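Chemist: Can you look at this prediction? I've put the sequence above it.
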Amino acid sequence: MTDRVMDITRLLYRTLTNRLPTGVDRVALEYLRYGGQQAQALVRLGGHWLLLPHHHSQVLFAGLLSTDPAHIIRSNLWRLATGLATWKQKKAPLILLKTDHGDVNNSNYVQQLQNRPWRAVFFIHDLIPISHPEYCRPQEGEKHHRRLQNMLALGSGVIVNSEATRHALHHYAHQQGWRLPPCLVAPLAPAQLPPAAPGRPLAHRYFVMLGTIEPRKNHLFILQLWRNLVEKYGEDAPQLVIIGRRGWECEQVVDLLDRSPALAGRVIEIQKCDDGQLATWLFHAQALLFPTFSEGFGLPMYEALALGVPVIASNLAVFRETAGAVPDYRHPLDGPGWLELIQDYHHGHSPARQAQIQRMQTLHLPTWANHWQSVENFLSEIHG
């Protein structure tokens, strides 16, 4: 019998509704890959908490980690449900590990957790809804406040992805007069993407933006720059590939993508992209453009760097924490600075691009194995 349980409710829901994994989901999947063998699955359904037996949990974890997770999970749902109905827990797990923020703001979650003899460990990805509410859905700041309040009150420990997130959490907890349980800083690692296809997906040179289209990611800024590039270079302007689904409060971006004659043919939007396609698009790009206003960590940057692809990014402290001076940084609203770099990188023998490729030789990115070893030690201390 294992002494740990992993809450996979969000992963299961998104898989069964055919949604591609976000950064939060990729973290959850890696936790299953490295720690799932010794854990049981928690699924929350209609206010009820269902804890699956270890064997059935392994079937579910393997399905989520497969190349066709929705099909495998659906084909096993009846067997899993039957096993749950006939199984009785003899010994309760001691540690609940939750890698997403979902539902922790709700009173039912608090009550259910308080009724169980578990020590909860929460992964806190960022404080963006509190520090930058203007880039989030309405009311998201208040929801995140309640999430953090409950996580810190109920948690035996918290895990964060960067020193920047730890600092923001410590500062906010101090402001609110909340206790801060033991906190582990464990930097994330890029996803293990499949090998890129050798052939270029576009004959023309192109740049990539990766992530959900939302105000915080600053797509509008880049699209305005691209209109300037098209006006200046016409058919010789670089192409832009935007990979990510359309999110919230992005009407101006959608209008440009759907109705701008200047961007037609110069900007390609890909709303669904599997890992193999993503690796190919990234690998052959001139650079990843990451002009975000705020990040808790910024996985797209490290996915690009892991493939040897240069990055032009916002000048955020959290990026320098792990990537150091390797990427080229600019303020997220420095139009002339971004234009200068994009035009330089567009050339076949770009000095700035070649210089970044040279700097990459000194970069040592975090690995999931090292990340999980830190988490394992942390959980053992809490268990002890």
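Modeler: On my side now, so go ahead.

Chemist: Where does the prediction get shaky in the stretch 51-200 of the chain?
Modeler: Applying pLDDT under 70 to the stretch 51-200 of the chain flags the ranges 79, 83-92.

Chemist: So which bits of stretch 228-237 are buried?
Modeler: Buried residues in stretch 228-237, defined by neighbour count with 16 or more other Cβ atoms under 10 Å: Leu229, Val230, Ala237. The C-beta positions use only the backbone N, C-alpha and C, and glycine is treated the same way.

Chemist: Give me the subset of those that lies in strands.
Modeler: Using DSSP state E, no member of the buried residues of stretch 228-237 falls in strands.

Chemist: As JSON lines, the residues you listed with distance to Asp126 would be great.
Modeler: JSON lines is the format used below for the buried residues of stretch 228-237 (distance: Cβ to Cβ, whole Å):
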{"residue": "Leu229", "distance to Asp126": "32"}
{"residue": "Val230", "distance to Asp126": "34"}
{"residue": "Ala237", "distance to Asp126": "34"}
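
Chemist: What is the nearest of those residues to Pro310?
Modeler: Nearest to Pro310 out of the buried residues of stretch 228-237 is Leu229 (Cβ to Cβ; 17.9 Å).

Chemist: and the closest residue to the closest one other than its chain neighbours, how far is that from Leu257?
Modeler: Distances taken as Cβ to Cβ, 6 or more residues apart in numbering put Ala237 closest to Leu229, at 4.4 Å, once the chain neighbours are dropped. From Ala237 across to Leu257, the span is 16 Å (Cβ to Cβ, to the nearest Å).

Chemist: Looking at strand pairing, list the partners for Met6.
Modeler: For Met6, the beta-bridge partners under DSSP bridges are Ala41, Leu97.

Chemist: So it is in contact with Arg33, correct?
Modeler: No. Using Cβ atoms under 8 Å, Met6 is not in contact with Arg33, being 11.4 Å away.

Chemist: between the two, which one's more packed in?
Modeler: Neighbours were tallied for Met6 and for Arg33 using other Cβ atoms under 10 Å; the higher tally belongs to Met6 (24 against 15).

Chemist: List the contacts of that one.
Modeler: For Met6, the contact set (Cβ atoms under 8 Å, 6 or more residues apart in numbering) comprises Tyr31, Leu32, Gly35, Gly36, Ala39, Gln40, Ala41, Leu42, Leu97, Lys98, Thr99.

Chemist: Tell me which two in those are the farthest apart.
Modeler: Between any two of those, the greatest separation by Cβ to Cβ is 14.9 Å, found for Gln40 and Thr99.

Chemist: The closest residue to Glu30 other than its chain neighbours - how many residues pack around it?
Modeler: Spatial nearest neighbour of Glu30, chain neighbours left out: Trp368 (5.0 Å); criterion: Cβ to Cβ, 6+ apart. Counted with other Cβ under 10 Å, the neighbours of Trp368 add up to 17.

Chemist: quick one: contacts for Trp368?
Modeler: Neighbouring residues of Trp368 by Cβ under 8 Å, 6+ apart: Glu30, Arg33, Tyr34, Ala189, Gln192.

Chemist: Distance-wise, check the second one relative to Asn18.
Modeler: From Arg33 over to Asn18 the distance is 21 Å, taken as Cβ to Cβ.

Chemist: Repeat that for the third one.
Modeler: Taken as Cβ to Cβ, the spacing of Tyr34 relative to Asn18 amounts to 26 Å.

Chemist: who has more neighbours, these two?
Modeler: Each of Tyr34 and Asn18 has its neighbours counted (other Cβ under 10 Å); Tyr34 has more, 16 against 9.

Chemist: What about the closest residue in space to that one that isn't next to it in sequence, how many residues nearby?
Modeler: Of all residues not flanking Tyr34 in the chain, Trp372 sits nearest, at 3.9 Å (Cβ to Cβ, 6+ apart). For Trp372, the count of nearby residues is 18 (other Cβ under 10 Å).

Chemist: Could you do Arg116 as well?
Modeler: For Arg116, the count of nearby residues is 15 (other Cβ under 10 Å).

Chemist: All the helices of the stretch 51-200 of the chain, in order from the start?
Modeler: 54-64, 69-86, 107-114, 128-131, 140-154, 163-176 (DSSP state H, counting those that start in this stretch).

Chemist: tell me the angle the third one makes with helix 140-154.
Modeler: Computed by axes from the mean of the first three to the mean of the last three Cα atoms, to 10 degrees, the angle separating helix 107-114 from helix 140-154 equals 10 degrees.
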